[in-house]
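got a predicted model here, sequence first, then my questions.
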Amino acid sequence: MDESQSMIAVRLHGPRDLRVERAPRPGTPGPGMALLRVTAVGVCGSDIHTYQDARIGDTVVETPLILGHEFAGIVEAVGPESLDGNFQPLQVGTRVAVDPAQPCGRCEMCEQGHPNLCHRLHFCGTYPDAGSLSEYMIMPARSCFPIPDDMDDASAALLEPLGIAIHAVDLAKLRVADSVAILGAGPIGLYILQMAKLAGAQPIYVVDQLSTSSINLPGGWSWQHATAACRSTSRKPTRWRQFDRQRPGAASMSPSKLRGRITRSSGRRRWRGWAGGWCWSAFRDQISWR
Ligand SMILES: [Zn+2]
Ligand SMILES: [Zn+2]
């Protein structure tokens, strides 16, 4: 492949078959579109699921797919009438964070103000839409949001998962001194932890089956183990029934049993993510912050 017409991309060819290879470089952006040079890409739990199984939920990777949807880039070229996410003209050379979700804007859900529930949603890195683990990609200009000079590229790539955490805490309608349980200490769970703290939740519990020593906590926080409870499916963890809010992070756990048991009867649950197959008895550590 002619190197001037190609770029390096990371493509998934099948389960656990990820290849760094040359792919066709995108051409000139059309109206309302922008050519981006990708500067940073995050690896999401859903990327890992897709890598492992070459599918995510019901969506199967049928032909080689470039993964990646948490990313930042620099605008290399724009097509006519290219307005950014703030409805301002998008300029070449602008550093941007990118919203990977591309709702149709015309379906019932879009028209009702719920573009995240669009029936015809396209999403970077989800088959058949190419993702951002490549040198260049073309995106709608309206998906691009200029970032300040003092924000580095990696931080800009993390704005997408941060948005998920903000939305989750928003949906949970947290109030000061609400008790919160977060199921899953992955990136989304840890983001929600920080958002819940900012919202004034107290106490906040995070549950995961990971070894706590494998996770580095943000400054000043430490793990507290409370491994006595929740050892078996037969034991009713009544101490968990006190939670007002409960919000699983993505990809961490499936058990509807767990969700049902730990939220108090008038409490609220917010659920997001691809259900894993982990069972209640698998939880080794429960972690709390006070
Ligand atoms: Zn993600
Ligand atoms: Zn739509």
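Sure thing, it's come through. Ligands and ions are numbered 1, 2, ... in the order given.

ligand 2 versus the closest residue to residue 122 other than its chain neighbours, what's the distance?
Nearest non-adjacent residue to residue 122, counting by CB to CB, 6 or more residues apart in numbering: residue 102, 4.2 Å away. In this view, the C-beta of every residue, glycine as well, is placed from N, C-alpha and C. From residue 102 across to ligand 2, the span is 9 Å (CB to the ion, to the nearest Å).

start to end distance for stretch 172-189?
Stretch 172-189 has its terminal residues 14 Å apart, counting by CA to CA, to the nearest Å.

mind listing what's buried in that stretch?
Neighbour counts over stretch 172-189 (16 or more other CB atoms under 10 Å) mark 172, 174, 178-189 as buried.

please apply the same query to stretch 66-80.
So for stretch 66-80, counting by 16+ other CB under 10 Å, buried means 66-73, 75, 77-79.

and of those residues, the nearest to ligand 2?
Of all the buried residues of stretch 66-80, ligand 2 sits closest to residue 69, with 17.9 Å by CB to the ion.

any weak-confidence spans in the stretch 151-290 of the chain?
By pLDDT under 70, the weakly predicted segments of the stretch 151-290 of the chain are 208-290.

for stretch 85-98, C-alpha coordinates in PDB please.
Only the C-alpha atoms of stretch 85-98 are listed here, as PDB (Å, rounded to 0.1, in the frame of the first residue of the first chain):
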ATOM      1  CA  GLY A  85     -20.100  20.900  18.900                       C
ATOM      2  CA  ASN A  86     -20.600  24.500  20.200                       C
ATOM      3  CA  PHE A  87     -22.000  25.600  16.800                       C
ATOM      4  CA  GLN A  88     -18.900  27.600  16.000                       C
ATOM      5  CA  PRO A  89     -16.800  27.200  12.800                       C
ATOM      6  CA  LEU A  90     -14.300  24.500  13.300                       C
ATOM      7  CA  GLN A  91     -10.800  25.700  12.400                       C
ATOM      8  CA  VAL A  92      -7.800  23.700  11.100                       C
ATOM      9  CA  GLY A  93      -5.200  23.200  13.900                       C
ATOM     10  CA  THR A  94      -7.700  23.100  16.700                       C
ATOM     11  CA  ARG A  95      -7.200  20.500  19.400                       C
ATOM     12  CA  VAL A  96     -10.500  18.700  20.100                       C
ATOM     13  CA  ALA A  97     -12.100  16.100  22.300                       C
ATOM     14  CA  VAL A  98     -14.500  14.000  20.300                       C
END
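
what does that stretch rub up against?
For stretch 85-98, the external contacting residues (CB atoms under 8 Å, 6 or more residues apart in numbering) are 34, 36, 39, 71-78, 82-84, 99, 124, 132, 139, 141-147, 149, 153, 156-157, 159-160.

please list the members of these that lie in strands.
34, 36, 39, 71-78, 139, 144-146 (DSSP state E).

identify, from those, the entry nearest to residue 21.
residue 71 (19.0 Å; CB to CB).

pull out the buried residues from the contacts of stretch 85-98.
By 16+ other CB under 10 Å, the contacts of stretch 85-98 give 34, 36, 39, 71-73, 75, 77-78, 82, 84, 99, 124, 132, 139, 141-147, 153, 156-157, 159-160 as buried.

what subset of those is also close to ligand 2?
By CB under 5 Å from the ion, no member of those lies near ligand 2.

mind listing what's buried in stretch 95-113?
95-103, 107, 109-110.

start to end distance for it?
28 Å.

before we move on, back to that, just name the closest of the buried residues of stretch 95-113 to residue 61, please.
residue 100 (16.4 Å).

contacting residues for the closest one?
69-71, 123-125, 131-132, 143, 160.

check residue 131 too.
Contact analysis of residue 131 by CB under 8 Å, 6+ apart lists 47, 65-69, 100, 124-125, 137.

of those, closest to residue 206?
Looking across those and measuring by CB to CB, the closest to residue 206 is residue 47, at 22.2 Å.

is residue 106 in a helix, a strand, or coil?
Three-state assignment for residue 106 (DSSP: H, G, I helix; E, B strand; the rest coil): coil.

tell me the spacing between it and residue 119.
Using CB to CB, to the nearest Å, residue 106 is found at 10 Å from residue 119.
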